[in-house]
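[1] structure for this input, please:
(one chain, ligands or ions: 2)
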Amino acid sequence: MNLDELFQYLQTPRKIALLTHVRPDGDAIGSALAMKMYLEKKGHTAHVIAPDDFPDFLDWMPQSNQVHVHLRNRKTCFAILTQMECIFFLDFNAMKRIELLGEDVQKLYQPFVSVMIDHHREPDNFTKYRLWDDTASSTAELVYTFIQMAGDLQLLDKDMAACLYAGMALDTGVFQYSNTTPKVHQIAGALMEYGLQVDTIHNALYNQYGENRLRFIGYLLTQKMQIIPEYRTAYMSITMKEAEQFSLSIGDKEGIVNIPLAMRDVDIAVLFTEDKDKIKISFRSKGEVNVEAFSRRFYNGGGHKNASGGSSRLSLEETERNLQVHLAAYFSGPDVSE
Ligand code: 5GP
Ligand code: MN
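    Numbering: from 1, shown residues only. Ligands and ions are numbered 1, 2, ... in the order given. Sure thing, here's the model as predicted:
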């Protein structure tokens, strides 16, 4: 899409909100913070609003203390939104992905210019402008591309580079998933030129857990993990009681779903996480197995071919039982790799 009109619009100082999806991850927060810093350098006013809390292993990100959390400060967030001329939607492509925050956006009376920057499959059409590419590794990569297309790469600094590098690192599994393209390495290299210490960033992202998390992983793998050999699938569940027993924070659950993929005979990993009113489900897969289509079809979800999510309103037990039924239906269908 030709974004020149948008770049022209952004030549005048604007009041801009940057929104991320629920349970924002490092790509969402890193992209939003880098975009905030960029827009401020351009003379705009920018506010980041997240629907709910982000994991505390992202606290090191510059300006992370400036993120407004809608769930905790709904009034303040709405007051900010009513002042906005422009809203960026970052790292998601359907209004349902921001839940209650989306309801507030839809209540706004003032007209606003809307922009989507996203890399998830099957975007809804709800913004005037979009930079959307499902072959991009991350929204962070697209934010870099956005700044580049605007001809503003000279505005990048070390703080922005750290946020973007972290977003790319997290969404590529530290440059190991199939979304790791030559361009990803080129951009990561360009970002490193700002003086990033990649080991420091890696330690901040991956080596920040308490003893409880590792012991919990041990418990999950020994006591909870189930394997369905027929469908090369492993699944685990985390109940609210277990989360409390092991004092798990939001960040402690991150990444756990990937672990079973380390097994030679497993191509699909599933994690059920019990929440107050639903079961949140995460899917990961290897190679050609498309869990995006699977979660879209059975769990009102979406995401990427090898990493997707969805939810279920049934009980945890029923949701677990249904998995096998859905896998059977899915694997007997026409194609599971599209
Ligand atoms: P995670 O399992 O880490 O929560 O999410 C994996 C990927 O799937 C992410 O790219 C995330 O944005 C997407 N995703 C997670 N949950 C949902 C959901 O309920 N709906 C949709 N459309 N995408 C989701
Ligand atoms: Mn992302």
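[2] what about whatever residue of the stretch 151-300 of the chain ends up closest to ligand 1, which SS state?
    Across the stretch 151-300 of the chain, the shortest distance to ligand 1 (C-beta to the nearest ligand atom) belongs to S282, at 3.1 Å. In this view, the C-beta of every residue, glycine as well, is placed from N, C-alpha and C. Each residue gets one of three states, and S282 gets strand by DSSP: H, G, I helix; E, B strand; the rest coil.
[3] who does it bridge with?
    Beta-bridge partners for S282, by DSSP bridges, are L271, G309.
[4] buried stuff in stretch 93-108?
    N93, A94, R97, I98, L101, G102, D104, V105 (16 or more other C-beta atoms under 10 Å).
[5] and these, which two are furthest apart?
    N93 and D104 (18.6 Å; C-beta to C-beta).
[6] count the neighbours of V143 for me.
    29 (other C-beta atoms under 10 Å).
[7] does it lie in a helix or a strand, and which?
    helix 139-149 (DSSP states H and E).
[8] how far does that helix sit from its chain's centre?
    16 Å (C-alpha atoms, centre = their mean, to the nearest Å).
[9] which neighbouring elements make contact with it?
    The contact analysis (3 or more C-beta pairs under 8 Å, 6 or more residues apart in numbering; DSSP states H and E) places helix 139-149 against helix 26-41, strand 113-118, strand 129-132, helix 158-171, helix 182-192.
[10] list the contacts for S237?
    Each residue near S237 by C-beta atoms under 8 Å, 6 or more residues apart in numbering is listed here: K224, L271, F272, T273, E274, L316, E320.
[11] could you export those as JSON lines, including distance to ligand 1?
    Shown next, in JSON lines, are these (distance: C-beta to the nearest ligand atom, whole Å):
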{"residue": "K224", "distance to ligand 1": "17"}
{"residue": "L271", "distance to ligand 1": "7"}
{"residue": "F272", "distance to ligand 1": "11"}
{"residue": "T273", "distance to ligand 1": "9"}
{"residue": "E274", "distance to ligand 1": "15"}
{"residue": "L316", "distance to ligand 1": "17"}
{"residue": "E320", "distance to ligand 1": "17"}
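[12] of those residues, closest to ligand 2?
    Nearest to ligand 2 among those: L271, at 17.7 Å, using C-beta to the ion.
[13] count the residues that sit near that closest one.
    24.
[14] now do the one 5 residues further on
    Residues contacting K276 under the criterion other C-beta under 10 Å number 5.
[15] which of the residues in stretch 293-306 are buried?
    A293, F294, S295, R296, F298, Y299, G301, G302, G303, H304, K305, N306.
[16] and what of stretch 126-139?
    T127, Y129, R130, L131, W132, A136, S137, S138, T139.
[17] returning to what we had before: restricted to strands, list the contacts of S237.
    Those of these mapping onto strands are L271, F272, T273, E274, per DSSP state E.
[18] hmm, who's touching stretch 313-327?
    226, 228, 231, 233, 235, 237, 239, 268, 270, 272, 274, 277-279, 281, 294, 297-298, 312.
[19] apply 10 Å and report the result again.
    Residues from elsewhere that reach stretch 313-327 (C-beta atoms under 10 Å, 6 or more residues apart in numbering): 226, 228, 230-233, 235-240, 268, 270, 272-274, 277-279, 281, 294-295, 297-300, 311-312, 336.
[20] give me the distance from that stretch to the chain's centre.
    Stretch 313-327 has its C-alpha centroid displaced from the chain centroid by 24 Å (C-alpha atoms, centre = their mean).
[21] now that stretch: average pLDDT?
    Mean per-residue pLDDT for stretch 313-327: 97.
[22] just the buried residues of that stretch, please?
    Here stretch 313-327 shows L316, T319, E320, L323, H326, L327 as buried, counting by 16+ other C-beta under 10 Å.
[23] present these as JSON lines; the columns should include distance to ligand 2.
    Converted to JSON lines, the buried residues of stretch 313-327 look like this (distance: C-beta to the ion, whole Å):
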{"residue": "L316", "distance to ligand 2": "27"}
{"residue": "T319", "distance to ligand 2": "25"}
{"residue": "E320", "distance to ligand 2": "27"}
{"residue": "L323", "distance to ligand 2": "25"}
{"residue": "H326", "distance to ligand 2": "25"}
{"residue": "L327", "distance to ligand 2": "26"}
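[24] what about the residue in the stretch 101-250 of the chain that ligand 1 sits nearest to, neighbour count?
    For the stretch 101-250 of the chain and ligand 1, the shortest gap (C-beta to the nearest ligand atom) falls at H120, measuring 5.8 Å. Residues within reach of H120, counting by other C-beta under 10 Å, total 21.
[25] start at 6, not 1
    In the new count, where the first residue is 6, that last one comes out as H125.
[26] hmm, back to that, tell me what angle the helix holding V148 forms with helix 187-197.
    Per axes from the mean of the first three to the mean of the last three C-alpha atoms, to 10 degrees, the angle that helix 144-154 makes with helix 187-197 is 70 degrees.
[27] many thanks, have a good one.
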